[in-house]
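Chemist: how would this look folded up:
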Amino acid sequence: MAIPEFLIFILTATVGGMFLCGANDLVTIFVSLECLSLCSYLLCSYTKRDIRSNEAAIKYLLIGGTSSSILAYGFSWLYGLSGGETNIQKITNGLLNAETYNSSGTFIAFICILVGLAFKLSLVPFHQWTPDIYEGVRFVSKIKFFHNFNKKLNRIYIYKYKIYFFTQIKIEFFTK
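Modeler: This next block holds a predicted model:
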């Protein structure tokens, strides 16, 4: 086990988390979230000679790839509905100006984004993979700390934009 690899993975994930907390753009959100997630996958498979660790890493990678594709699909719906904007504030304004905030497309976009983030955060209906990953990792205390750190950063980000986006839509919806 090489210590420099471990530290590079931790530092790269930390940088991804820092960019995620300050992201205002869909592309920045996705890239920083994937930077954070890919380092988590690599840390999960850090003990290369252990077969359970390799199995856990493959499961984590497949579930993470699926959740990333669902999240990107939701982002693409938002991008199309807002008129080609990637900034969160401009997406909100684009949905309000085009009056598509109450359409089925917006509902599909939010469902896809919610499902993608629920897999990443291992929320209740999407948490079946979490015990397998914890079972396969040998140095569990380090990964548990890192996984909880990853969850907390994602929750901070969700609360940050949920308040802005939904208050803008509620104000516009109830004032008409």
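Chemist: quick one: secondary structure of Ile58?
Modeler: helix (DSSP: H, G, I helix; E, B strand; the rest coil).
Chemist: Now do it against Thr12, distance only.
Modeler: As for Ile58, its distance to Thr12 is 21 Å (criterion: C-beta to C-beta, to the nearest Å). No exception for glycine: its C-beta is placed from N, CA and C like everyone else's.
Chemist: Ok, Ala56 next?
Modeler: Where Thr12 is concerned, Ala56 sits at a distance of 20 Å (C-beta to C-beta).
Chemist: Between those two, which has more neighbouring residues?
Modeler: Ala56 (24 against 15; other C-beta atoms under 10 Å).
Chemist: Show the contacting residues for the residue nearest to the more buried one when sequence neighbours are not counted.
Modeler: Computed as C-beta to C-beta, 6 or more residues apart in numbering, the closest residue to Ala56 that is not its neighbour in sequence is Gly136, at 2.5 Å. Residues in contact with Gly136 (C-beta atoms under 8 Å, 6 or more residues apart in numbering) are 44, 50, 52-57, 59.
Chemist: from memory Tyr46 sits against Ile3, does it?
Modeler: No: in terms of C-beta atoms under 8 Å, Tyr46 does not count as a neighbour of Ile3; the distance is 10.8 Å.
Chemist: Quick check: phi and psi at Thr86.
Modeler: For Thr86, the backbone dihedrals (degrees, to the nearest 10) come out as phi -110, psi -10.
Chemist: if I pick it, what's in contact with it?
Modeler: Contacts for Thr86 (C-beta under 8 Å, 6+ apart) come out as 25-27, 79.
Chemist: now, among these, which is nearest to Ala98?
Modeler: When the contacts of Thr86 are compared for distance to Ala98 (C-beta to C-beta), Tyr79 wins out at 13.1 Å.
Chemist: What is the burial count for the closest one?
Modeler: Neighbour count of Tyr79, defined by other C-beta under 10 Å: 18.
Chemist: Pretty sure it sits in a helix.
Modeler: Yes: counting by three-state DSSP, Tyr79 is found in a helix.
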